[in-house]
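Novice: fold the following for me, if possible:
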Amino acid sequence: MTVGLTHCLLLAAVLFAIGLYGLLSKKSIIAVLMSIELMLNAVNINFIAFNRFTNVSDLTGQLMAIFSIAVGVAEVAVGLALAYRMFHEHGTVNVDELNNMKG
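Specialist: Next up is the predicted model:
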């Protein structure tokens with residue numbers, strides 16, 4: 001059995017669905033950040049799979065995946081800084097408590 005485009009897209013769809021469920025159901029900001037990272041990894045699988053299984057001679061899929069990983073790293077850095085500040089001020093990292101940050 002060979003792994004084809006359909007298998008990669010199915011794996012990416014399952015990962016994205018798990019990440020979306022985690023994003024909508026979790027209350028901790030750390031769990032929300034992990035769910036967003038899972039969704040970004042599903043997108044990276046799509047980029048690389050389409051670049052591998054279509055007739056493209058350049059490496060645009062891999063380059064977009066690397067760019068997406070860099071964006072994910074920056075997102076995690078900012079998210080963890082917000083979580084640290086929120087825990088320092090309020091003593092919790094519950095996402096429901098973020099409504100007091102509204103202007």
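
Novice: tell me the contacts of Ala31?
Specialist: Ala31 makes contact with Gly22, according to CB atoms under 8 Å, 6 or more residues apart in numbering. Using the backbone N, CA and C atoms, a C-beta is placed for each residue, glycine as well.

Novice: in what helix or strand does it lie?
Specialist: Assigned by DSSP states H and E, Ala31 falls within helix 29-53.

Novice: show me what the helix or strand just after that helix is packed up against.
Specialist: Once helix 29-53 ends, the next helix or strand along the chain (criterion: DSSP H and E) is helix 60-90. Here helix 60-90 is seen to pack against helix 29-53 when contacts are counted using 3 or more CB pairs under 8 Å, 6 or more residues apart in numbering; DSSP states H and E.

Novice: the helix holding Ala31 vs helix 60-90, what angle?
Specialist: 180 degrees (axes from the mean of the first three to the mean of the last three CA atoms, to 10 degrees).

Novice: now helix 29-53: buried residues?
Specialist: Using 16 or more other CB atoms under 10 Å as the test for burial, helix 29-53 gives 29, 32-51.

Novice: can you tell me how far the residue nearest the centre of the chain sits from Phe87?
Specialist: When CA atoms, centre = their mean is applied to the chain, the residue found nearest the centroid is Glu37 (2.5 Å). Separation of Glu37 from Phe87 (CB to CB, to the nearest Å): 20 Å.

Novice: buried ones in stretch 77-92?
Specialist: For stretch 77-92, the neighbour count (16+ other CB under 10 Å) marks Gly79, Ala83, Met86 as buried.
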